[in-house]
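A.B. asks: predicted model follows, preceded by the sequence.
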Amino acid sequence: MIAIVVFASTLSGVAEQAPTAAKEGYLFLERLVGLVVKAAAPGSANPDIASEIVGLAKEFKAAHAAKRVDDLFAVRYLRILSAVRQAILMDPEVLLWPMYRRTMIDFIEERTGKIPEWKDLLFIVNDHGGAGIGLGMIAEAVISEVVSLHLYLETLDQRPDITKKYIEKAMK
């Protein structure tokens, strides 16, 4: 019973934060997609794109610290930023790839339902001068997560009521 009271008090805080969190979240999603499009444009060997992603991450972390975005959104958004940065990161010697390849494979599988073929990943790494697995390889996974986060923001204010309904059904 104590757990339900604590949980219910947590839900009221989520409902109050929802409008601000959603507004900020939408803005950060739009900026992220803008950076991805910019990075994926033909001939966009823009050396500033990695620093723009880092700058966006710093701004996002500040918004999260100020409670302008919620914790779950923050974890998932930062994961997308990390995946995008790794995908565009130039690593001609392919030194970083062994450290993040399994994480990238897991991200792609989780968001698309498909495990990328190992030979395709090796081709992408070797063919693109070690620039990670390339945005093309993870584009479907990134946009899937962006859409999922957008839907999350759309239902943020409804989550306390939905959760309450499930708790009430479970208590019966």
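C.D. replies: Received it, and whenever you're ready, just let me know what you need.
A.B. asks: I'd like the next helix or strand past the lowest-mean-pLDDT helix or strand in the chain.
C.D. replies: Taking all helices and strands of the chain together, the one with the lowest average confidence (mean pLDDT, DSSP states H and E) is helix 118-127, at a mean of 62. Following the chain from helix 118-127 toward its C-terminal end, the next helix or strand by DSSP states H and E is helix 135-154.
A.B. asks: now for that next one, which elements pack on it?
C.D. replies: Of the remaining helices and strands, those touching helix 135-154 by 3 or more Cβ pairs under 8 Å, 6 or more residues apart in numbering; DSSP states H and E are helix 2-40, helix 71-88, helix 97-112, helix 118-127. (Each C-beta comes from the backbone N, C-alpha and C, glycine too.)
A.B. asks: which neighbouring elements make contact with whichever helix or strand comes after it?
C.D. replies: Toward the C-terminal end, the helix or strand that comes next after helix 135-154 (DSSP H and E) is helix 159-171. Of the remaining helices and strands, those touching helix 159-171 by 3+ Cβ pairs under 8 Å, 6+ apart are helix 2-40.
A.B. asks: list the buried residues in the very next helix or strand once past the helix it packs on.
C.D. replies: Using DSSP H and E, the helix or strand that directly follows helix 2-40 along the chain is helix 48-65. Of all the residues in helix 48-65, those buried under the rule 16 or more other Cβ atoms under 10 Å are 49-50, 52-53, 56-57, 60, 63-64.
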